[in-house]
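Asks: Following is a predicted model, sequence given first.
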Amino acid sequence: MFVPGHRQKMIEKALGLEVDVIIFDLEDGVPVDSKVIAREQVATALGRSCEASCFVRTHCAGHCDLTKDLEAVLVDGLDGVVLPKMECASDVDWVSRKLAGDTSIVGMIESATGLVQASEIASSPGLVGLMFGAEDFAQDLGILATRAPGEMVYARSSIVVAAASAGKFAVDKVFLDVQEQEGLVEETRMARELGFVGKALIHPAQIGTVHSTFEPSADEIDYARKVVAAFEEADGQGPVAVDGKMVDPPVLGHSKRVLGIDPD
Ligand code: COA
Ligand code: MG
(Lines give C-alpha, C1' and ligand atoms only; values in the text may rest on other atoms or scores of the structure.)
(Ligands and ions follow the chains in the order given, each with its own letter.)
Protein backbone atom coordinates (compact mmCIF):
# COMPACT_ATOMS: atom_id res chain seq x y z
CA MET A 1 0.00 0.00 0.00
CA PHE A 2 1.50 3.28 -1.13
CA VAL A 3 1.00 6.12 1.33
CA PRO A 4 2.10 9.66 0.44
CA GLY A 5 4.61 10.76 3.10
CA HIS A 6 3.17 14.27 3.43
CA ARG A 7 -0.36 13.03 4.25
CA GLN A 8 -0.30 12.50 8.01
CA LYS A 9 -3.93 11.39 8.10
CA MET A 10 -3.24 8.63 5.59
CA ILE A 11 -0.11 7.58 7.48
CA GLU A 12 -2.20 7.16 10.65
CA LYS A 13 -4.77 5.17 8.74
CA ALA A 14 -2.18 2.99 6.99
CA LEU A 15 -0.59 1.87 10.26
CA GLY A 16 -3.84 0.09 11.16
CA LEU A 17 -4.65 -1.46 7.77
CA GLU A 18 -4.46 -5.20 7.06
CA VAL A 19 -1.82 -4.98 4.35
CA ASP A 20 1.38 -7.00 4.00
CA VAL A 21 3.58 -3.99 3.32
CA ILE A 22 3.18 -0.24 3.74
CA ILE A 23 5.25 1.81 1.28
CA PHE A 24 5.64 5.33 2.63
CA ASP A 25 6.27 7.44 -0.44
CA LEU A 26 8.85 10.21 -0.68
CA GLU A 27 9.03 10.24 -4.49
CA ASP A 28 6.43 11.14 -7.09
CA GLY A 29 3.42 11.01 -4.75
CA VAL A 30 4.84 13.93 -2.74
CA PRO A 31 4.95 17.50 -4.13
CA VAL A 32 8.40 19.12 -4.23
CA ASP A 33 7.54 21.66 -1.51
CA SER A 34 6.41 18.87 0.88
CA LYS A 35 9.52 16.68 0.72
CA VAL A 36 10.98 17.92 4.02
CA ILE A 37 7.81 17.39 6.04
CA ALA A 38 7.27 14.03 4.34
CA ARG A 39 10.73 12.79 5.42
CA GLU A 40 10.06 13.88 9.01
CA GLN A 41 6.61 12.29 9.17
CA VAL A 42 7.77 9.04 7.60
CA ALA A 43 10.76 8.75 9.96
CA THR A 44 8.39 9.20 12.92
CA ALA A 45 5.91 6.67 11.51
CA LEU A 46 8.69 4.07 11.14
CA GLY A 47 9.23 4.28 14.89
CA ARG A 48 5.61 3.29 15.56
CA SER A 49 4.54 -0.32 15.91
CA CYS A 50 2.43 -1.94 13.23
CA GLU A 51 1.66 -5.39 11.85
CA ALA A 52 2.73 -4.66 8.27
CA SER A 53 6.31 -4.48 7.02
CA CYS A 54 7.33 -0.86 6.53
CA PHE A 55 9.11 0.18 3.34
CA VAL A 56 9.94 3.65 2.01
CA ARG A 57 9.96 4.63 -1.64
CA THR A 58 12.90 7.00 -2.01
CA HIS A 59 13.98 8.97 -5.06
CA CYS A 60 15.82 6.99 -7.72
CA ALA A 61 19.54 6.29 -7.97
CA GLY A 62 21.39 9.37 -9.20
CA HIS A 63 18.66 11.79 -7.99
CA CYS A 64 19.92 14.63 -5.80
CA ASP A 65 17.24 13.85 -3.14
CA LEU A 66 18.14 10.16 -2.68
CA THR A 67 20.82 10.77 -0.05
CA LYS A 68 18.49 13.06 1.93
CA ASP A 69 15.74 10.42 1.78
CA LEU A 70 18.05 7.64 2.98
CA GLU A 71 19.56 9.73 5.76
CA ALA A 72 16.07 10.60 7.03
CA VAL A 73 14.64 7.09 7.06
CA LEU A 74 17.57 4.92 8.16
CA VAL A 75 15.95 4.33 11.54
CA ASP A 76 14.78 1.29 13.51
CA GLY A 77 11.54 0.09 11.96
CA LEU A 78 12.65 0.46 8.34
CA ASP A 79 12.18 -2.99 6.79
CA GLY A 80 12.96 -2.07 3.22
CA VAL A 81 13.40 0.47 0.47
CA VAL A 82 11.55 0.64 -2.84
CA LEU A 83 13.92 2.08 -5.42
CA PRO A 84 12.05 3.61 -8.36
CA LYS A 85 13.13 3.97 -11.99
CA MET A 86 15.79 1.27 -11.81
CA GLU A 87 17.88 1.01 -14.94
CA CYS A 88 21.02 -0.83 -13.90
CA ALA A 89 22.16 -3.36 -11.34
CA SER A 90 24.91 -1.14 -9.92
CA ASP A 91 22.22 1.23 -8.56
CA VAL A 92 21.25 -1.53 -6.12
CA ASP A 93 24.86 -1.98 -4.93
CA TRP A 94 25.20 1.73 -4.20
CA VAL A 95 22.02 1.83 -2.13
CA SER A 96 22.66 -1.46 -0.32
CA ARG A 97 26.02 -0.14 0.91
CA LYS A 98 24.12 2.69 2.64
CA LEU A 99 21.55 0.40 4.28
CA ALA A 100 21.72 -1.84 7.32
CA GLY A 101 22.39 -5.49 6.33
CA ASP A 102 18.85 -6.76 6.90
CA THR A 103 17.06 -3.98 4.98
CA SER A 104 15.42 -5.29 1.80
CA ILE A 105 15.43 -3.52 -1.55
CA VAL A 106 12.63 -3.80 -4.11
CA GLY A 107 13.42 -2.32 -7.52
CA MET A 108 10.77 -0.68 -9.68
CA ILE A 109 10.94 -1.24 -13.43
CA GLU A 110 9.48 1.88 -15.02
CA SER A 111 11.17 2.38 -18.39
CA ALA A 112 12.11 0.54 -21.57
CA THR A 113 15.76 0.48 -20.47
CA GLY A 114 14.74 -0.84 -17.06
CA LEU A 115 12.74 -3.62 -18.68
CA VAL A 116 15.62 -4.62 -20.96
CA GLN A 117 17.94 -4.72 -17.92
CA ALA A 118 15.41 -6.38 -15.62
CA SER A 119 17.15 -9.78 -15.35
CA GLU A 120 20.46 -8.19 -14.49
CA ILE A 121 18.80 -5.89 -11.93
CA ALA A 122 16.93 -8.87 -10.43
CA SER A 123 20.22 -10.74 -10.01
CA SER A 124 21.67 -8.07 -7.69
CA PRO A 125 22.35 -9.76 -4.34
CA GLY A 126 20.82 -6.86 -2.38
CA LEU A 127 17.50 -7.02 -4.16
CA VAL A 128 14.53 -9.13 -2.97
CA GLY A 129 12.00 -8.37 -5.70
CA LEU A 130 10.83 -6.27 -8.64
CA MET A 131 7.74 -4.10 -8.96
CA PHE A 132 6.19 -2.74 -12.16
CA GLY A 133 5.62 1.03 -12.45
CA ALA A 134 3.22 1.22 -15.38
CA GLU A 135 2.54 4.96 -15.53
CA ASP A 136 6.17 5.98 -15.97
CA PHE A 137 6.71 3.02 -18.29
CA ALA A 138 3.84 4.18 -20.53
CA GLN A 139 5.23 7.71 -20.53
CA ASP A 140 8.65 6.41 -21.54
CA LEU A 141 7.04 4.64 -24.48
CA GLY A 142 5.03 7.74 -25.40
CA ILE A 143 1.70 5.99 -24.81
CA LEU A 144 -1.12 6.56 -22.37
CA ALA A 145 -1.85 3.76 -19.90
CA THR A 146 -5.49 2.76 -20.36
CA ARG A 147 -7.29 0.06 -18.51
CA ALA A 148 -7.70 -2.42 -21.30
CA PRO A 149 -7.55 -6.04 -20.11
CA GLY A 150 -4.18 -7.50 -20.92
CA GLU A 151 -2.58 -4.12 -21.27
CA MET A 152 1.20 -4.17 -21.04
CA VAL A 153 1.18 -7.93 -20.80
CA TYR A 154 4.63 -8.15 -22.40
CA ALA A 155 6.21 -5.85 -19.82
CA ARG A 156 4.36 -7.46 -16.92
CA SER A 157 5.28 -10.96 -17.99
CA SER A 158 8.93 -10.02 -18.66
CA ILE A 159 9.23 -8.63 -15.14
CA VAL A 160 7.84 -11.83 -13.62
CA VAL A 161 10.25 -13.95 -15.68
CA ALA A 162 13.26 -11.74 -14.88
CA ALA A 163 12.48 -11.90 -11.17
CA ALA A 164 11.82 -15.66 -11.20
CA SER A 165 15.05 -16.42 -13.05
CA ALA A 166 16.92 -14.77 -10.17
CA GLY A 167 14.79 -16.46 -7.49
CA LYS A 168 13.10 -13.16 -6.56
CA PHE A 169 9.42 -12.12 -6.40
CA ALA A 170 7.50 -9.71 -8.62
CA VAL A 171 4.73 -7.29 -7.62
CA ASP A 172 2.25 -5.93 -10.16
CA LYS A 173 1.36 -2.32 -10.96
CA VAL A 174 -1.18 -0.18 -9.12
CA PHE A 175 -4.78 0.06 -10.38
CA LEU A 176 -5.62 3.75 -10.53
CA ASP A 177 -9.42 3.77 -10.52
CA VAL A 178 -10.05 3.50 -6.79
CA GLN A 179 -13.85 3.45 -7.26
CA GLU A 180 -13.85 0.48 -9.60
CA GLN A 181 -13.85 -3.07 -8.21
CA GLU A 182 -14.66 -5.11 -11.32
CA GLY A 183 -11.63 -3.87 -13.26
CA LEU A 184 -9.45 -4.37 -10.20
CA VAL A 185 -10.55 -8.00 -9.90
CA GLU A 186 -9.86 -8.60 -13.59
CA GLU A 187 -6.40 -7.03 -13.45
CA THR A 188 -5.52 -8.82 -10.20
CA ARG A 189 -6.63 -12.16 -11.58
CA MET A 190 -4.35 -11.63 -14.54
CA ALA A 191 -1.48 -10.59 -12.27
CA ARG A 192 -1.85 -13.86 -10.41
CA GLU A 193 -2.03 -15.85 -13.65
CA LEU A 194 1.14 -14.17 -14.92
CA GLY A 195 3.02 -15.12 -11.76
CA PHE A 196 3.06 -11.94 -9.67
CA VAL A 197 2.96 -12.64 -5.93
CA GLY A 198 1.04 -9.49 -5.14
CA LYS A 199 -0.23 -6.15 -6.31
CA ALA A 200 0.70 -2.62 -5.33
CA LEU A 201 -2.25 -0.67 -3.88
CA ILE A 202 -3.14 2.98 -3.53
CA HIS A 203 -6.42 2.95 -1.58
CA PRO A 204 -7.89 1.01 1.38
CA ALA A 205 -10.89 -0.07 -0.77
CA GLN A 206 -8.51 -2.21 -2.84
CA ILE A 207 -7.15 -4.36 0.02
CA GLY A 208 -9.93 -6.93 0.43
CA THR A 209 -10.42 -7.37 -3.32
CA VAL A 210 -6.75 -7.99 -4.00
CA HIS A 211 -6.32 -10.35 -1.06
CA SER A 212 -9.37 -12.43 -1.99
CA THR A 213 -8.39 -12.57 -5.68
CA PHE A 214 -4.93 -13.89 -4.77
CA GLU A 215 -6.42 -16.54 -2.47
CA PRO A 216 -7.06 -19.89 -4.20
CA SER A 217 -10.81 -20.35 -4.81
CA ALA A 218 -12.78 -23.25 -3.28
CA ASP A 219 -12.78 -24.95 -6.72
CA GLU A 220 -9.00 -24.62 -7.05
CA ILE A 221 -8.50 -26.14 -3.59
CA ASP A 222 -10.90 -28.93 -4.41
CA TYR A 223 -9.10 -29.72 -7.67
CA ALA A 224 -5.67 -29.55 -5.99
CA ARG A 225 -6.82 -32.11 -3.40
CA LYS A 226 -7.99 -34.44 -6.17
CA VAL A 227 -4.64 -34.13 -7.97
CA VAL A 228 -2.63 -34.89 -4.84
CA ALA A 229 -4.89 -37.84 -4.00
CA ALA A 230 -4.68 -39.22 -7.57
CA PHE A 231 -0.88 -39.11 -7.50
CA GLU A 232 -0.78 -40.84 -4.14
CA GLU A 233 -3.05 -43.57 -5.47
CA ALA A 234 -0.96 -44.01 -8.65
CA ASP A 235 2.07 -44.43 -6.41
CA GLY A 236 4.69 -43.06 -8.82
CA GLN A 237 3.25 -44.83 -11.92
CA GLY A 238 3.52 -41.83 -14.29
CA PRO A 239 0.89 -39.26 -15.33
CA VAL A 240 -2.70 -39.75 -14.15
CA ALA A 241 -6.08 -38.40 -15.29
CA VAL A 242 -8.13 -36.12 -13.02
CA ASP A 243 -11.59 -34.98 -14.18
CA GLY A 244 -10.73 -36.27 -17.66
CA LYS A 245 -7.48 -34.27 -17.95
CA MET A 246 -3.92 -35.51 -17.80
CA VAL A 247 -1.94 -34.23 -14.84
CA ASP A 248 1.80 -34.64 -14.48
CA PRO A 249 4.50 -33.59 -12.00
CA PRO A 250 4.34 -29.79 -12.67
CA VAL A 251 0.58 -29.85 -12.03
CA LEU A 252 1.20 -31.85 -8.87
CA GLY A 253 3.77 -29.22 -7.77
CA HIS A 254 1.28 -26.43 -8.37
CA SER A 255 -1.48 -28.30 -6.54
CA LYS A 256 0.77 -28.78 -3.53
CA ARG A 257 1.56 -25.06 -3.48
CA VAL A 258 -2.18 -24.27 -3.58
CA LEU A 259 -2.62 -26.52 -0.53
CA GLY A 260 0.38 -25.04 1.25
CA ILE A 261 2.39 -28.28 1.00
CA ASP A 262 6.11 -27.95 0.17
CA PRO A 263 6.33 -29.16 -3.50
CA ASP A 264 9.78 -30.70 -2.90
N1 COA B 1 -3.22 5.03 2.58
C2 COA B 1 -3.89 5.20 3.74
N3 COA B 1 -5.11 5.76 3.81
C4 COA B 1 -5.67 6.15 2.66
C5 COA B 1 -5.04 6.00 1.41
C6 COA B 1 -3.76 5.42 1.41
N7 COA B 1 -3.08 5.24 0.25
N8 COA B 1 -5.84 6.47 0.45
C9 COA B 1 -6.96 6.91 1.06
N10 COA B 1 -6.87 6.72 2.39
C11 COA B 1 -7.87 7.02 3.43
C12 COA B 1 -8.32 8.45 3.42
O13 COA B 1 -7.47 9.23 4.22
C14 COA B 1 -9.72 8.32 3.97
O15 COA B 1 -9.63 8.15 5.37
P16 COA B 1 -10.86 8.56 6.34
O17 COA B 1 -12.05 7.80 5.87
O18 COA B 1 -10.38 8.12 7.69
O19 COA B 1 -11.00 10.03 6.18
C20 COA B 1 -10.21 7.00 3.41
O21 COA B 1 -9.02 6.25 3.12
C22 COA B 1 -11.00 7.15 2.15
O23 COA B 1 -10.27 7.90 1.22
P24 COA B 1 -10.95 8.65 -0.03
O25 COA B 1 -11.61 9.91 0.43
O26 COA B 1 -11.81 7.67 -0.75
O27 COA B 1 -9.70 8.93 -0.91
P28 COA B 1 -9.11 10.34 -1.31
O29 COA B 1 -10.00 10.95 -2.34
O30 COA B 1 -8.84 11.12 -0.07
O31 COA B 1 -7.72 9.93 -1.97
C32 COA B 1 -6.15 9.17 -3.53
C33 COA B 1 -7.63 9.25 -3.18
C34 COA B 1 -5.98 8.32 -4.78
C35 COA B 1 -5.61 10.56 -3.75
C36 COA B 1 -5.43 8.49 -2.30
O37 COA B 1 -6.00 7.21 -2.16
C38 COA B 1 -3.93 8.41 -2.40
O39 COA B 1 -3.24 9.40 -2.24
N40 COA B 1 -3.37 7.19 -2.63
C41 COA B 1 -1.95 6.97 -2.68
C42 COA B 1 -1.34 7.57 -3.92
C43 COA B 1 0.13 7.32 -4.03
O44 COA B 1 0.81 7.02 -3.08
N45 COA B 1 0.68 7.45 -5.27
C46 COA B 1 2.06 7.21 -5.54
C47 COA B 1 2.36 5.78 -5.81
S48 COA B 1 1.60 5.13 -7.27
MG1 MG C 1 6.77 5.98 -11.01
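Replies: All right, it came through fine. Please read all numbers here as calculations on a predicted model, not as lab measurements. Ligands and ions are numbered 1, 2, ... in the order given.
Asks: What parts of the stretch 51-200 of the chain come near ligand 2?
Replies: Contacts of the stretch 51-200 of the chain with ligand 2, taken as C-beta under 5 Å from the ion, map to 110, 133, 136. The C-beta positions use only the backbone N, C-alpha and C, and glycine is treated the same way.
Asks: Looks to me like the last one is in a strand.
Replies: No - following the definition DSSP: H, G, I helix; E, B strand; the rest coil, Asp136 is helix and is not counted among the residues of a strand.
Asks: all helices for the protein, in order.
Replies: Counting by DSSP state H, one finds helices in the chain at the ranges 8-15, 35-46, 66-73, 90-98, 112-116, 118-122, 134-141, 153-165, 181-194, 207-214, 218-234, 249-258.
Asks: tell me the most buried of those helices?
Replies: helix 118-122 (a mean of 23; mean count of other C-beta atoms under 10 Å).
Asks: could you say what helices and strands that helix packs with?
Replies: strand 104-109, strand 127-132, helix 153-165 (3 or more C-beta pairs under 8 Å, 6 or more residues apart in numbering; DSSP states H and E).
Asks: Rebuild the ones you listed as a markdown table, extending it with mean pLDDT.
Replies: Shown next, in a markdown table, are these (pLDDT from 0 to 100):
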| stretch | mean pLDDT |
| --- | --- |
| strand 104-109 | 98 |
| strand 127-132 | 98 |
| helix 153-165 | 97 |
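Asks: residues touching the closest residue to Gly126 other than its chain neighbours, list them.
Replies: With sequence-adjacent residues excluded and distances taken as C-beta to C-beta, 6 or more residues apart in numbering, Gly126 is closest to Ser96, at 3.3 Å. Applying C-beta atoms under 8 Å, 6 or more residues apart in numbering, we find Ser96 in contact with 105, 124-126.
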